Structures are given as structure tokens and as C-alpha cells.
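Visitor: okay, predicted coordinates and the sequence, questions at the end:
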Amino acid sequence: MSGNWQWHFINAAAAAEFSGDPADLSGARKVREMNGERSVYYRDGFFFKSYHPRRNGLFARLKEHLSPLAGQEFAAIKCLLRMNIPVVEPIAYGVRGTESMLITREEKDSCSVMEYLRERLGRDEEIPERFLINWSRFLARFIASGLYFPDFNCGNLLYIEKEERFVLVDPFGLKRNRVHRSERILRMLKREFGAVFECTPKSLLVRMLSEIDATDPEGLYRRLMEYNAEYVRKSKLRNHKRLIRFRSGASTDVVDGVRIKHSSCELPFSLEHTDLIALPSDAANELWERDYLLGLYHLPLLRVVARDEATGKLYRQQSGDREVTEEERRDLYERLALTGFRREEFDCCVNRAGLAVLRDLKFVSAAGNV
């Protein structure tokens with residue numbers, strides 16, 4: 001007991017690292033707040049995740065007292081360790097009434113996979129193939145364990161670049177993948193790889209998926225693209241809410257009077273190598289929003305990346321010089337067909353990076369470049 005908290009350390013050596021009350025966060029730096037019920041702090045090489053549920057009702061409070069959330073995550077980490085899945089090092093969890101706290105050790109020189117992708121895409125750098133393959137191997141290892149993690153995404157996976165090593169973090173909700181196994185695997189792959197769907201050639205995506213299904217990676221690729229498109233199509237209410245937020249300025253930044261969209265990694269697109277397109281106001285509004293909706297499918301697309309707030313003119317990425325191969329064209333149109341958009345409204349080209357992409361013709365065909 002310490003300060004009305006009851007602590008459960010992983011071992012005596014971990015307990016010896018704390019001479020005072022582990023729950024005393026004075027001097028700690030707040031890292032993030034999640035849903036108003038979870039806060040994460042950092043101090044002296046340790047992360048402290050504080051669960052402070054706001055649920056009312058006797059049953060809910062009793063459940064949180066008997067099965068504290070930090071204790072559940074602590075047990076999930078221990079399960080992963082037993083199965084030799086790389087995960088952050090657990091130190092302890094503590095309970096006080098319905099509050100609980102989890103302590104884990106910092107992974108030195110690490111960043112989340114999402115941060116790693118943002119950094120490179122923000123500098124217009126290619127994602128190293130070795131990173132993508134190693135990332136796939138980690139996922140293959142996790143999937144082979146028979147476990148399921150509903151919130152598996154790029155933010156919950158750390159990468160230590162100098163060691164080329166991946167470590168899972170925040171595995172709350174970990175469970176055995178006994179029912180709907182195939183669908184759950186596709187869900188995890190979508191949440192992990194979705195950020196690179198639109199900037200990675202099909203051949204490399206298939207190589208990545210071959211680490212997960214060596215017998216039929218092409219089949220897994222098709223199922224994953226189908227699942228991704230179906231997920232977006234079925235999320236009509238969510239997509240509508242996203243579009244409303246987008247109209248209000250979410251997922252954009254304004255720089256010198258130009259509203260710039262965010263990419264799939266939540267980075268603003270670059271205005272370099274763009275064409276300025278003049279359209280009537282209504283057509284410009286429709287194309288601006290249409291491009292946003294297309295982006296939800298993570299399609300390789302020559303994107304409309306920004307809009308001039310004063311004139312309404314649109315900035316669209318420039319195309320490259322290489323010809324699109326028939327195989328690339330067929331794959332792009334197959335992925336487009338899954339979305340419900342009409343094929344005759346698009347053609348194919350390559351972007352400045354040489355990646356085969358779709359080009360939206362619906363309004364641009366009637367416009368001139370300025």
C-alpha cells in the first residue's frame with residue numbers, strides 16, 4: 001500500500017526502483033489525454049497511464065473495482081511476454097477505488113510507426129523497403145500467435161530504427177482470435193497498412209503480405225482491398241460526420257490563405273509540383289469534397305491537395321512522364337470498381353514519384369490550368 005493505492009509489481013527488482021509513492025506524478029510531464037478517462041505521463045524513464053473512469057452506476061463502479069483497467073492491460077502485456085511477442089516492459093499496476101494506473105518502462109530511441117511514416121513522407125522520402133518487410137514480419141508473428149487486438153494501429157506499434165525492432169504498446173483489449181478470425185485479421189491489416197496503401201506499389205504490397213500468407217499473397221491482397229473498400233462503403237454515417245468536420249476545416253491547415261489537406265498520415269500535403277486549376281465555384285467545391293471522399297479509400301490518386309481561400313482555385317499534384325503499364329492500369333481500375341465510383345470518370349497516369357495512380361477527370365476535363 002502507498003498513498004491509499006494498492007500496488008502489484010512485476011517483481012521485487014521493479015519495486016525497488018520506486019522509493020516513494022509511484023502514483024505521485026509531481027514533476028511528471030503529461031504526454032496525452034485520451035477520451036477524458038485516460039491520461040499518460042512521463043517521468044525518469046517511465047510512462048504512467050492513469051485510468052480515471054467517469055462511469056456512474058453501482059454495477060459499473062463495482063466492475064471497475066474488481067477488474068481495474070490498468071490490471072487488464074498489465075495482464076495483456078504479461079500474456080504477450082509469455083508468447084514472445086515484443087511488447088513494452090511492464091513495471092506495475094496500482095488500484096485506488098475505481099481508479100487504476102499502469103507503469104511501463106520507456107523504450108529508448110523509439111517512435112511510433114505512424115510518427116516514422118509522417119517524418120519520411122513529410123520530407124517526400126520513400127519508405128524503406130526493408131522497414132516495410134520487417135513491419136510485415138512483426139504482424140505475421142502477432143497473427144500467428146492467435147491473438148486479436150481491436151485497436152491495433154500504427155500509433156500502437158513502436159519502432160526502434162537503429163535496431164530495426166518493433167515493440168507493441170497499449171495492448172488493452174487483447175483477446176484470443178477464436179471467432180471471425182479471417183475478418184479480424186483483415187481489420188488489423190487495414191488499420192496497420194492503410195497509411196501506405198496509396199503510396200506503395202502493388203508489387204511491394206504483395207511482397208509485404210507474402211510474409212503473412214506465403215501460399216497466396218495475391219489472394220490476401222485482393223481480400224484486403226475488398227475489405228478496405230467495403231469498410232468505407234458501409235461507414236456512411238461516419239463518412240458523413242467526417243465530411244462535415246472536413247467542411248468546417250478539420251484535416252486541413254491554412255497557410256498564407258491556402259487551405260492544405262492532410263495526407264493519410266495526417267501531414268499536410270506539399271504544394272510543390274502542383275498545378276493550379278480554375279473551376280466554377282460549385283464545381284470546385286464538389287471536386288474538393290469528392291477528392292476527400294476518394295481519399296478515405298486510400299486509393300493511389302493524383303490528389304487535389306489544396307484550395308485558395310480567396311479565389312477557390314484548386315492545387316492538384318502534377319503527373320510524371322512514365323507510361324502506366326497494363327498490369328498497373330488493371331489493378332487501379334479493379335480497386336476503383338470496389339468503391340462504387342464510375343470508371344469513365346478516371347484515367348491512369350503516374351505521379352512525380354513514378355507511382356501509378358488514378359486521375360479524376362470529372363471536372364478537370366472542362367477546366368484549364370492557370
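Guide: The structure has been received and is ready for your questions. Numbering: from 1, shown residues only.

Visitor: so who does the residue minimising distance to the centre of the chain touch?
Guide: With distances taken as CA atoms, centre = their mean, the residue of the chain nearest its centroid is Cys154 (4.3 Å). Going by CB atoms under 8 Å, 6 or more residues apart in numbering, Cys154 touches Ser112, Val113, Met114, Leu117, Arg191, Glu192, Ala195. From N, CA and C alone the C-beta is placed, and that goes for glycine too.

Visitor: what ranges do the helices span in this structure?
Guide: 12-15, 58-66, 69-82, 113-122, 129-144, 181-193, 202-210, 217-234, 236-247, 281-295, 326-337 (DSSP state H).

Visitor: hang on, the earlier thing: can you flag the buried ones in the contacts of Cys154?
Guide: Among these, the ones that count as buried by 16 or more other CB atoms under 10 Å are Ser112, Val113, Met114, Leu117, Arg191, Glu192, Ala195.

Visitor: distance check, Gly194 against Arg130.
Guide: Separation of Gly194 from Arg130 (CB to CB, to the nearest Å) stands at 21 Å.

Visitor: between the two, who's got more neighbours?
Guide: Per other CB atoms under 10 Å, whichever of Gly194 and Arg130 has more neighbours is Gly194, with 17 against 9.

Visitor: any buried residues in stretch 249-262, and which?
Guide: Ser251, Thr252, Val258, Arg259, Ile260, Lys261, His262.

Visitor: give me the residues contacting that stretch.
Guide: Residues contacting stretch 249-262 (CB under 8 Å, 6+ apart): 242, 245-246, 266, 268-269, 271, 291-292, 295, 303-310, 315.

Visitor: and those, which are buried?
Guide: With burial judged by 16+ other CB under 10 Å, the buried subset of these is 242, 246, 268-269, 291-292, 295, 303-308, 315.

Visitor: closest one to Tyr42 out of those residues, please.
Guide: Pro268 (27.3 Å; CB to CB).

Visitor: can you tell me the closest non-neighbouring residue to that closest one?
Guide: Ile260 (4.5 Å; CB to CB, 6 or more residues apart in numbering).

Visitor: which residues does that neighbour bridge with?
Guide: Beta-bridge partners of Ile260, counted by DSSP bridges, are Asp253, Ala306.

Visitor: what pLDDT does the model give it?
Guide: pLDDT for Ile260: 92.

Visitor: next one: the one 3 residues further on
Guide: According to the per-residue confidence, Ser263 scores 83 in pLDDT.

Visitor: ok so, going back, in CSV: the helices of the chain, plus mean pLDDT.
Guide: Below are the helices of the chain laid out as CSV (pLDDT from 0 to 100):
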stretch, mean pLDDT
helix 12-15, 93
helix 58-66, 62
helix 69-82, 94
helix 113-122, 85
helix 129-144, 95
helix 181-193, 91
helix 202-210, 96
helix 217-234, 95
helix 236-247, 93
helix 281-295, 91
helix 326-337, 96
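
Visitor: which of these sits closest to Glu344?
Guide: Nearest of these to Glu344, taken as CB to CB: helix 326-337 at 10.6 Å.

Visitor: can you list the buried residues in stretch 90-104?
Guide: In terms of neighbour count (16+ other CB under 10 Å), stretch 90-104 has its buried residues at 90-96, 98-104.

Visitor: ditto for stretch 208-217
Guide: So for stretch 208-217, counting by 16+ other CB under 10 Å, buried means Met208, Leu209, Ser210, Glu211, Ile212, Asp213, Pro217.

Visitor: state the distance from the residue nearest to the last one when sequence neighbours are not counted to Ser112.
Guide: Counting by CB to CB, 6+ apart, Ser210 is the residue found nearest to Pro217 once chain neighbours are left out, at 3.9 Å. According to CB to CB, Ser210 stands 25 Å off from Ser112.

Visitor: just Ile127 next, same as before
Guide: 14 Å.

Visitor: follow-up on the earlier one: could I get the buried residues of stretch 249-262 as TSV with distance to Arg38?
Guide: Compiled in TSV, those are given as follows (distance: CB to CB, whole Å):
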residue	distance to Arg38
Ser251	24
Thr252	28
Val258	36
Arg259	32
Ile260	31
Lys261	30
His262	25
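
Visitor: one step back: make JSON lines out of the buried residues of stretch 90-104 and add pLDDT and distance to Phe48.
Guide: Below are these laid out as JSON lines (pLDDT from 0 to 100; distance: CB to CB, whole Å):
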{"residue": "Pro90", "pLDDT": "96", "distance to Phe48": "12"}
{"residue": "Ile91", "pLDDT": "96", "distance to Phe48": "9"}
{"residue": "Ala92", "pLDDT": "96", "distance to Phe48": "10"}
{"residue": "Tyr93", "pLDDT": "95", "distance to Phe48": "10"}
{"residue": "Gly94", "pLDDT": "93", "distance to Phe48": "10"}
{"residue": "Val95", "pLDDT": "91", "distance to Phe48": "14"}
{"residue": "Arg96", "pLDDT": "88", "distance to Phe48": "13"}
{"residue": "Thr98", "pLDDT": "82", "distance to Phe48": "17"}
{"residue": "Glu99", "pLDDT": "87", "distance to Phe48": "12"}
{"residue": "Ser100", "pLDDT": "91", "distance to Phe48": "11"}
{"residue": "Met101", "pLDDT": "93", "distance to Phe48": "6"}
{"residue": "Leu102", "pLDDT": "95", "distance to Phe48": "7"}
{"residue": "Ile103", "pLDDT": "96", "distance to Phe48": "6"}
{"residue": "Thr104", "pLDDT": "96", "distance to Phe48": "8"}
